[in-house]
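**Student:** Sequence plus the predicted model coming up.
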Amino acid sequence: HGLDELKQRLELLMKATREQTQARGKELQSAASKLGKAVDKAAAPHLDKSIPAIPVDESLVMEAVAQHLLFAGLPQVAQQMLDDGAVGQRCAELVAPFED
């Protein structure tokens with residue numbers, strides 16, 4: 001009899017815990033939704049109008065991509081960028097040690 005009672009208590013405790021967790025999850029979901037709506041309301045309708053344009057040196061971006069490819073173990077892709085003329089001499093120096 002004691003084991004059945006313990007089992008019932010455990011089941012009730014698990015049910016109560018599950019219900020509390022679900023209720024808390026609903027609260028968190030509601031709060032996240034409200035936060036998202038507040039951010040949407042506060043943000044400018046178009047991000048490109050609220051942030052000034054920043055000039056970017058495309059060669060530096062391409063060099064960063066090539067470096068990432070080298071570090072990711074993809075020297076053949078970085079070499080292809082070099083072959084295609086997408087990256088400059090500085091990048092060629094980075095790719096050189098990986099050539100067969």
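**Tutor:** Nice, thanks for sending it over. Numbers count the residues shown, from 1 in each chain.
**Student:** Could you look up the SS state of the residue positioned nearest the centre of the chain?
**Tutor:** Most central in the chain under Cα atoms, centre = their mean is H68, positioned 16.7 Å from the mean C-alpha point. When classified by DSSP: H, G, I helix; E, B strand; the rest coil, H68 comes out as helix.
**Student:** I'd like to know how far it sits from M62.
**Tutor:** Distance from H68 to M62, counting by Cβ to Cβ, to the nearest Å: 11 Å. Yep, even glycine has a C-beta here, placed from its N, CA and C like the rest.
**Student:** How about the contacts made by A78?
**Tutor:** Each residue near A78 by Cβ atoms under 8 Å, 6 or more residues apart in numbering is listed here: A66, Q67, L69, L70, V87, C91, L94, V95, F98.
**Student:** before we move on, what about L69?
**Tutor:** Residues counted as contacts of L69 (Cβ under 8 Å, 6+ apart) are P75, V77, A78, M81.
**Student:** Most neighbours among those, which one is it?
**Tutor:** The most crowded member of these, judged by other Cβ atoms under 10 Å, is A78 (25 neighbours).
**Student:** what helix or strand does it sit in?
**Tutor:** helix 75-83 (DSSP states H and E).
**Student:** Can I get that helix in PDB, CA atoms only?
**Tutor:** The C-alpha trace of helix 75-83 is given here as PDB (Å, rounded to 0.1, in the frame of the first residue of the first chain):
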ATOM      1  CA  PRO A  75      42.300  26.100 -49.300                       C
ATOM      2  CA  GLN A  76      41.100  24.900 -52.700                       C
ATOM      3  CA  VAL A  77      38.100  27.300 -52.500                       C
ATOM      4  CA  ALA A  78      40.400  30.200 -51.500                       C
ATOM      5  CA  GLN A  79      42.700  29.200 -54.400                       C
ATOM      6  CA  GLN A  80      39.600  29.400 -56.700                       C
ATOM      7  CA  MET A  81      38.900  32.900 -55.500                       C
ATOM      8  CA  LEU A  82      42.500  33.800 -56.300                       C
ATOM      9  CA  ASP A  83      42.300  32.200 -59.700                       C
END
